[in-house]
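**Student:** A structural model of the following input is requested.
(one chain, ligands or ions: 3)
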Amino acid sequence: MKKVTFESTAESFQEMIDHLPDERPDDDRPCKCGECDGYGHVIDSDGKARFCPNFFEQKVGPTLDTLRRSEKFVETPTFLAVELLKMDVLTEGKPRAVFLSGSHGRSKTEASRALLNEAALNGVRGHYVSFPELIKARKTGYDGNAVIQSHLRAIQKSRIVVIDEIGRESQHGNEDHPRSMLTEIIQYCDRQRFAIFITNLSIKEIDLYLDTYAKSRLHGDSGYCSWVEDFEGADLRFEGFE
Ligand SMILES: Nc1ncnc2c1ncn2[C@@H]1O[C@H](COP(=O)(O)OP(=O)(O)O)[C@@H](O)[C@H]1O
Ligand SMILES: [Mg+2]
Ligand SMILES: [Zn+2]
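**Tutor:** Ligands and ions are numbered 1, 2, ... in the order given. The predicted structure is shown next:
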């Protein structure tokens with residue numbers, strides 16, 4: 001199976017649609033799936049247009065449903081948790097978060113990005129943040145601050161937010177930056193939007209990153225966040241699809 005990449009998100013997909021020319025020669029239609037109008041639109045029987053899923057995937061990446069249908073798909077606790085979250089995200093459920101703590105190659109990133117894709121396909125705005133990049137930005141003064149602000153703005157506009165690789169920056173010592181950054185993000189998300197927090201650290205280790213506020217929002221009985229720990233299974237980077 002062809003390797004899937006996730007460089008783009010809902011926003012760049014929207015940008016791409018915005019820049020499609022109105023008229024194209026017949027043989028130059030962007031989608032050749034044969035199931036849509038060739039421009040990435042499917043017209044339903046009730047006359048409503050929606051995105052062509054085939055075109056969307058070519059441009060943006062797979063959805064959770066596509067991953068599940070793949071020959072080498074493995075159902076991990078992580079994947080299941082993200083799939084369950086999707087139900088609520090797409091049905092306007094009450095915002096909630098999951099904290100995914102697991103070893104490498106357990107579908108944490110893959111499933112979360114697929115959820116963002118699927119959300120975008122359904123007109124739901126999402127945002128992906130690499131936590132180490134944010135911490136790097138925090139350490140680089142003025143330019144870095146602009147990066148952080150743009151992420152925080154994007155988070156505020158989103159219904160579903162993914163914060164990936166929390167803890168991967170820990171090699172660089174000082175835990176104050178990560179701790180305060182995480183707290184800030186939690187403040188933006190808490191009960192207002194769906195969120196997936198991702199780490200390779202164990203739940204016990206990640207506790208060092210959480211100040212009292214973060215703990216009360218994520219651990220406590222606030223009911224906002226649930227936790228999934230997934231360290232037992234195989235590393236799918238070597239056994240999974242690709
Ligand atoms: N549900 C899955 N079934 C099969 N293979 C998978 C699955 N999820 C991920 N993979 C494979 O494992 C690789 C790493 O997955 P990824 O989600 O990036 O892991 P991590 O949990 O470390 O974020 C992917 O590139 C893909 O090849
Ligand atoms: Mg990952
Ligand atoms: Zn199509």
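**Student:** Phi first, then psi, for residue 207.
**Tutor:** When read as degrees, to the nearest 10, the backbone of residue 207 gives phi -60, psi -30.
**Student:** Would you mind listing what in this protein touches ligand 2?
**Tutor:** Those residues of the chain that sit near ligand 2, judged by C-beta under 5 Å from the ion, are 108, 109. No exception for glycine: its C-beta is placed from N, CA and C like everyone else's.
**Student:** Where does pLDDT dip in the chain?
**Tutor:** Along the chain, segments meeting pLDDT under 70 span 1-27, 170-174, 240-242.
**Student:** quick one, domains of it?
**Tutor:** As assigned by automatic domain parsing, the chain contains the domains 1-61, 62-239.
**Student:** which one of those is the most hemmed in?
**Tutor:** Looking across the domains of the chain with neighbours counted as mean count of other C-beta atoms under 10 Å, the highest average goes to domain 62-239: a mean of 18.
**Student:** Can you tell me, leaving aside adjacent residues, what's nearest to the residue of the chain found nearest ligand 2?
**Tutor:** At 3.1 Å from ligand 2, residue 109 is the closest residue in the chain, using C-beta to the ion. Using C-beta to C-beta, 6 or more residues apart in numbering and skipping the chain neighbours, the partner closest in space to residue 109 is residue 164 (5.8 Å).
**Student:** Give me the three-state assignment for the one you found.
**Tutor:** Following DSSP: H, G, I helix; E, B strand; the rest coil, we place residue 164 in the strand state.
**Student:** can you give me the strands for the protein?
**Tutor:** According to DSSP state E, the chain carries its strands in the segments 41-43, 49-51, 97-102, 126-130, 160-166, 194-199, 225-230.
**Student:** Next one: the fifth one, is it in contact with ligand 1?
**Tutor:** No. Applying C-beta under 6 Å from any ligand atom, one finds that strand 160-166 is not in contact with ligand 1, the shortest distance being 7.4 Å.
**Student:** Spell out which residues of this protein are next to ligand 1.
**Tutor:** 67, 72-74, 76, 79, 102, 104-110, 236-237, 240-242.
**Student:** hmm, 5 Å instead?
**Tutor:** 73-74, 79, 104-110, 236-237, 240-242 (C-beta under 5 Å from any ligand atom).
**Student:** List the beta-bridge partners for the residue nearest to residue 109.
**Tutor:** Beta-bridge partners recorded for residue 164 (DSSP bridges): residue 130.
**Student:** hmm, back to that, for ligand 3, find the nearest of the domains of the chain.
**Tutor:** Ligand 3 lies closest to domain 1-61 among the domains of the chain, at 3.2 Å (C-beta to the ion).
**Student:** ok, residue 162 to residue 234 distance?
**Tutor:** For residue 162, the distance to residue 234 (C-beta to C-beta, to the nearest Å) stands at 23 Å.
**Student:** Please apply the same query to residue 39.
**Tutor:** Taking C-beta to C-beta, one finds residue 39 at 42 Å from residue 234.
**Student:** same question, residue 188
**Tutor:** To residue 234, residue 188 is 35 Å away according to C-beta to C-beta.
**Student:** Can you lay out the strands of the chain as a markdown table showing distance to ligand 3?
**Tutor:** Shown next, in a markdown table, are those (distance: least, C-beta to the ion, whole Å):
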| stretch | distance to ligand 3 |
| --- | --- |
| strand 41-43 | 7 |
| strand 49-51 | 9 |
| strand 97-102 | 32 |
| strand 126-130 | 22 |
| strand 160-166 | 25 |
| strand 194-199 | 28 |
| strand 225-230 | 35 |
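**Student:** Please convert those to JSON lines, extending it with distance to residue 209.
**Tutor:** As requested, the strands of the chain are exported to JSON lines (distance: least, C-beta to C-beta, whole Å):
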{"stretch": "strand 41-43", "distance to residue 209": "44"}
{"stretch": "strand 49-51", "distance to residue 209": "38"}
{"stretch": "strand 97-102", "distance to residue 209": "11"}
{"stretch": "strand 126-130", "distance to residue 209": "15"}
{"stretch": "strand 160-166", "distance to residue 209": "7"}
{"stretch": "strand 194-199", "distance to residue 209": "8"}
{"stretch": "strand 225-230", "distance to residue 209": "14"}
